[in-house]
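Visitor: Okay, sequence plus prediction incoming.
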Amino acid sequence: QMQLVESGGGLVQAGDSLRLSCNATSGRTFSTYAMGWFRQPPGKEREFLAVIAWSGHSVKYADSMRGRGTISRDNAKNMAYLQINSLKPEDTAVYFCAASPGYSWHPRDFDTWGQGTQVTVSS
């Protein structure tokens, strides 16, 4: 079974940029799955941020990421990424990557999740 491990989180200043990484380990064929990024701010529900199709040719962003976030993937390395620029304190959350057999942005369609990485943005 494929496992996902996020990295790249930490404490940053408002206005900084961050690149989150998601490493998919063995099990299923990473390149056949859409990859998504979600986050869960303190005391709030998990929210969709971005998704990229298995081929990388289709992407979709939440309004919160449009213009600031870039999702990408490297199928040869079994990696997915989320670059976020101009970070704001309200971006503070636990960030998760997830895999879906279909191209979707609904959490219920993602059947494999990482453990999350904390991002804290100070003002």
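Guide: Received it, and whenever you're ready, just let me know what you need. As the structure is a computational prediction, the values presented were derived from the model and not from experiment.
Visitor: any chance you could map the helices in the chain?
Guide: Here the chain has no helices by DSSP state H.
Visitor: how about low-confidence regions in it?
Guide: Within the chain, the stretches with pLDDT under 70 are 26-28.
Visitor: contacting residues for the residue sitting nearest the centre point of it?
Guide: The residue lying closest to the centre of the chain (Cα atoms, centre = their mean) is Trp37, at 2.5 Å. By Cβ atoms under 8 Å, 6 or more residues apart in numbering, the contact set of Trp37 is 20, 22, 49-51, 71, 80, 82, 95-98. Yep, even glycine has a C-beta here, placed from its N, CA and C like the rest.
Visitor: cool, Asp74 as well?
Guide: 80-81.
Visitor: Show me what it bridges to in the sheet.
Guide: Met79 (DSSP bridges).
Visitor: separation between the residue nearest to the centre of the chain and Trp105?
Guide: Separation of Trp37 from Trp105 (Cβ to Cβ, to the nearest Å): 10 Å.
Visitor: Likewise for Thr120?
Guide: 25 Å.
Visitor: Turn the contacts of Trp37 into TSV, including neighbour count.
Guide: Shown next, in TSV, are the contacts of Trp37 (neighbours: other Cβ atoms under 10 Å):
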residue	neighbour count
Leu20	23
Cys22	26
Leu49	25
Ala50	25
Val51	25
Ile71	23
Ala80	31
Leu82	26
Tyr95	23
Phe96	23
Cys97	31
Ala98	24
